[in-house]
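Enquirer: predicted model and sequence below, questions to follow.
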Amino acid sequence: MEPLSNRRKVIEAKPLNFMERIYLPAILKGLAITIKHFFRKPVTIRYPEEKREYSENFRGQHSLKRDEHGRERCTACGLCALSCPAEAITMISAERQKGEEHLYREEKYAAVYEINMLRCIFCGLCEEACPKEAIYLDGPHVPSDYLRKDFIYGKDKLVEAPLNQ
Amino acid sequence: MGLTDILIKFGLIVIIFLISLVIAMYSTYAERKVAAFMQDRVGPDRAGPWGILQPLADGGKMFLKEEIIPTNANGFLFIAGPSLAILVSCIGTAVIPWGQQLVIGGHVIDLQVADVNVGVLYIFGVVSLGVYGIMIGGWASNNKYSLLGAIRAASQNISYEIAMGLSIIALLMTTGTLSLRHIAEQQSGFWHGHWFTWNVFSQPLGFLIFLICAFAETNRSPFDLPECETELVGGYHTEYSSMKLGFYLFSEYINMFVSGAVMATLYFGGYNFPLMHHIHSPNLVAILGVVVLFAKIFFFIFFFMWVRWTIPRFRYDQLMDLGWKVLIPLSIANIVITGVWITYFK
């Protein structure tokens, strides 16, 4: 058959020659390799005390942003839910009432906003789709939990803390 | 023999016993650390600073685990197996000369529990008893994996004991004594006249054979077939739990310590070190000698671990091939060469 690449190497099962059969040279070579590693710096990151540096564009847990006056930016347009390939986002919109102008920036807001973290694949398409710059995947890792229902994150976990706190 | 002498001997026995237990404990820790460093990891570091209390935590775990004796196991032998294993590995230290004589307040203290004039034979006998602990435990478990592991251990130990004995015969031909104390004294210093005094330099092939056999006798990798996890679950200690398992693991590490001590005494000059004749205080020489001997033993223990994390396990037929077709003829050839050398060059 025509080889797919030029890296193919034919390996024959040759009987061992004398130097190979007495094992000792190979053993010494192996011992040299392991002792070299013995003095090498360990690659371990001692997790709870040390943490790995994340990349600049690491995508972690979502957060729903507030604007410069501390109002929620989300207007519940649903573009994030529409763009989501894993169908992890769901929301119920509501109309802003009189006197709620300091809470929500637009006339319409998300009364319920839920992301199922078990479905989410952290692709970041929701943050690309959002016209209001309301959602970013700038949080830490989503922690583990015991029950499936606890992985459905509502607004209590997603919305940023208010500015004045 | 006065009361003080008896007390001194008793104290020495207790100290050596404790030292071998502590060394066995910390060998488990050292093993994990060495393994970790050789694989670019850090190893246990949670219990105490650098994980130094890890052996205590492991020991506590072992004691508190549920003790299981399988229904169809032979109850008496099931308990006798690990007891025998640990007993036999502990009594091996009795004839090792730990250092020269100490003189404190007119009392001469022999740093050796018993200067048996057949010390080498004693060690040999004790080492070959070790297989009974494994054999009895494996048989009493009433489990086919345990039995297979035990049978492997027995056949392996018997095969390698022959080569080991033959390699020692060549050594004994040059030393002319079976007493470990005398063998150690003969290797005094490092350089005498025109050649090294340590036996390893007059018996390099014998030492190599002895070393390989020591790996097999202590069931260490690459000859750890009796407990090879991939084929036999846990080998002879599959059914063991709690401190009975701990005894088996412990006895392996004590065996390592004893065989390190024997190798250091027989081939690497025991408590002797270079330039020891230039120190004029005999007590200082004795204490330094003990330190040097332990350094040599620790090196051998490290070497056991180093090899374990380097070489893959032998296949069973390769093991038998190596023992019977390579090591035994080689050690017989070594005897012949030694004989010729003694006849014509000494």
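Expert: Right, received. Where do you want to start? Numbering: from 1, shown residues only, chains lettered A, B, ... in the order given.

Enquirer: near chain B, which residues of chain A?
Expert: Residues of chain A lying close to chain B by Cβ under 8 Å from any Cβ of the partner chain are A:27, A:30-31, A:33-35, A:37-44, A:46. (C-beta placed from N, C-alpha, C; glycine too.)

Enquirer: 6 Å instead, please
Expert: Residues of chain A lying close to chain B (Cβ under 6 Å from any Cβ of the partner chain) are A:30-31, A:34, A:37-38, A:40, A:42-44.

Enquirer: what about these, which are in helices?
Expert: Among the residues of chain A next to chain B, the subset assigned to helices under DSSP state H consists of A:30-31, A:34, A:37-38.

Enquirer: for the residues of chain A next to chain B, which entry has the maximal number of neighbours?
Expert: Within the residues of chain A next to chain B, A:T34 tops the neighbour count with 20 neighbours, counted by other Cβ atoms under 10 Å in any protein chain shown.

Enquirer: so who does that residue touch?
Expert: Counting by Cβ atoms under 6 Å, 6 or more residues apart in numbering or on different chains, A:T34 touches B:38, B:309-310.

Enquirer: please enumerate the strands of the stretch 151-300 of chain B.
Expert: With DSSP state E, counting those that start in this stretch as the criterion, the stretch 151-300 of chain B has strands at B:191-192, B:195-196.

Enquirer: so which of those strands is nearest chain A?
Expert: Across the strands of the stretch 151-300 of chain B, chain A has its closest neighbour in strand B:195-196 (21.6 Å, Cβ to the nearest Cβ).

Enquirer: show me what that closest one is packed up against.
Expert: Helices and strands in packing contact with strand B:195-196 are not found; criterion 3 or more Cβ pairs under 6 Å, 6 or more residues apart in numbering or on different chains; DSSP states H and E.

Enquirer: how far does that strand sit from the chain's center?
Expert: Centroid separation for strand B:195-196 versus its chain: 26 Å, with Cα atoms, centre = their mean, to the nearest Å.

Enquirer: ditto for stretch B:161-178
Expert: Stretch B:161-178 sits 17 Å away from the centroid of its parent chain (Cα atoms, centre = their mean).

Enquirer: what mean pLDDT does that stretch get?
Expert: Taken as a whole, stretch B:161-178 carries a mean pLDDT of 88.

Enquirer: for stretch B:91-107, same thing?
Expert: The model assigns stretch B:91-107 a mean pLDDT of 82.

Enquirer: stretch B:188-202 now?
Expert: Stretch B:188-202 comes out with an average pLDDT of 78.

Enquirer: please export the C-alpha coordinates of that stretch as CSV.
Expert: The C-alpha trace of stretch B:188-202 is given here as CSV (Å, rounded to 0.1, in the frame of the first residue of the first chain):
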residue,chain,number,x,y,z
SER,B,188,39.5,-2.5,57.3
GLY,B,189,40.4,0.8,55.7
PHE,B,190,40.0,1.3,52.0
TRP,B,191,43.4,0.8,50.4
HIS,B,192,46.0,-1.7,51.5
GLY,B,193,49.4,-2.1,49.8
HIS,B,194,48.4,-2.3,46.1
TRP,B,195,44.7,-3.0,46.0
PHE,B,196,41.4,-2.0,47.6
THR,B,197,40.5,-3.9,50.8
TRP,B,198,36.7,-4.0,50.1
ASN,B,199,35.5,-7.3,48.8
VAL,B,200,33.6,-5.8,46.0
PHE,B,201,36.9,-5.0,44.2
SER,B,202,38.1,-8.5,44.5
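
Enquirer: pull out the buried residues from it.
Expert: By 16 or more other Cβ atoms under 10 Å in any protein chain shown, the buried positions in stretch B:188-202 come out as B:188-190, B:197-202.

Enquirer: again, but for stretch A:91-105
Expert: For stretch A:91-105, by 16+ other Cβ under 10 Å, it's A:91, A:96, A:104-105.

Enquirer: please apply the same query to stretch B:125-138.
Expert: B:126-138.

Enquirer: where exactly do the strands run in chain A?
Expert: Using DSSP state E, the strands of chain A run over residues A:63-64, A:89-95, A:108-116, A:135-136, A:152-153.

Enquirer: off-centre distance for stretch B:318-337?
Expert: Distance, centroid of stretch B:318-337 to centroid of chain: 21 Å (Cα atoms, centre = their mean).

Enquirer: and it with chain A, contact?
Expert: No: Stretch B:318-337 lies apart from chain A when judged by Cβ under 6 Å from any Cβ; the minimum separation is 8.3 Å.

Enquirer: what are the buried residues along that stretch?
Expert: Buried residues in stretch B:318-337 (16+ other Cβ under 10 Å): B:319, B:322-323, B:326-328, B:330-331, B:334-335.

Enquirer: would you list these in TSV and tack on distance to B:H278, pLDDT and secondary structure?
Expert: TSV is the format used below for the buried residues of stretch B:318-337 (distance: Cβ to Cβ, whole Å; pLDDT from 0 to 100; DSSP: H, G, I helix; E, B strand; the rest coil):
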residue	distance to B:H278	pLDDT	secondary structure
B:L319	46	84	helix
B:L322	44	86	helix
B:G323	44	86	helix
B:V326	43	87	helix
B:L327	40	89	helix
B:I328	43	91	helix
B:L330	39	90	helix
B:S331	37	91	helix
B:N334	34	91	helix
B:I335	37	92	helix
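
Enquirer: return the closest of those with respect to B:L288.
Expert: Nearest to B:L288 among the buried residues of stretch B:318-337 is B:N334, at 32.6 Å by Cβ to Cβ.
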